[in-house]
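>>> Fold the following, please.
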Amino acid sequence: MAATLITLEMAKAQLKETGTARDAEITQTMAQAEDVILRYLKPERTGEARADWPWTIASVPPAVQAAILIKLVDLDTNRGDAIVGQDQTTIADLAIARLLVQLRDQALA
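Got it, this is the predicted structure:
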């Protein structure tokens, strides 16, 4: 699945990348970051009809794009080998949660 809610140019600006040598890697990480954020929002799991879903690059809320970009940097920087202990919450995860709290579909009880 390719990322559709951010562009390669947006991702490279966020990562402060100027060359093209890492484009394939960045493109893959973009898709991973977008997938993480959409799963966090979980609109398809609740069965709730949303008039604004699915988003396109033109209709995605800025907070969602910001969250994807934050997760992109997190995935690019923290590849999992530096996480110690059971609590694996990162500062990026906390920032994402705060950005998306109003957009997240509520969990089913």
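>>> Could you point out which residue ranges in the protein have low pLDDT?
Low-confidence segments of the chain, defined by pLDDT under 70, are located at 43-53, 80-89, 105-109.
>>> Which helix runs longest in it?
Ordering each helix of the chain by length in residues (DSSP state H) puts helix 23-41 first.
>>> so what does that helix touch, helix or strand wise?
Contacts defined by 3 or more CB pairs under 8 Å, 6 or more residues apart in numbering; DSSP states H and E place helix 23-41 against helix 8-15, helix 62-77, helix 91-100. Yep, even glycine has a C-beta here, placed from its N, CA and C like the rest.
>>> what comes up buried for that helix?
Buried residues in helix 23-41, counting neighbours by 16 or more other CB atoms under 10 Å, are found at 26, 29, 30, 31, 32, 33, 34, 36, 37, 38, 40, 41.
>>> most tightly surrounded among the helices and strands packed on helix 23-41?
Using mean count of other CB atoms under 10 Å, the stretch among those with the largest mean neighbour count is helix 62-77, at a mean of 19.
>>> Give me the helices and strands touching that one, please.
For helix 62-77, the contact count by 3+ CB pairs under 8 Å, 6+ apart identifies helix 8-15, helix 23-41, helix 91-100 as packing neighbours.
>>> rewinding a little: wait, which of the buried residues of helix 23-41 is closest to residue 66?
Each of those was checked against residue 66 using CB to CB; the closest is residue 37, at 9.8 Å.
>>> Spit out the contact partners of the closest one.
64, 67, 68, 71, 96, 100 (CB atoms under 8 Å, 6 or more residues apart in numbering).
>>> and these as CSV, adding distance to residue 79?
Shown next, in CSV, are the contacts of residue 37 (distance: CB to CB, whole Å):
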residue, distance to residue 79
64, 24
67, 19
68, 18
71, 13
96, 18
100, 23
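>>> how close does the spatially most central residue of the chain sit to residue 21?
Centroid check for the chain by CA atoms, centre = their mean gives residue 68 as the closest residue, at 2.6 Å. Distance from residue 68 to residue 21, counting by CB to CB, to the nearest Å: 22 Å.
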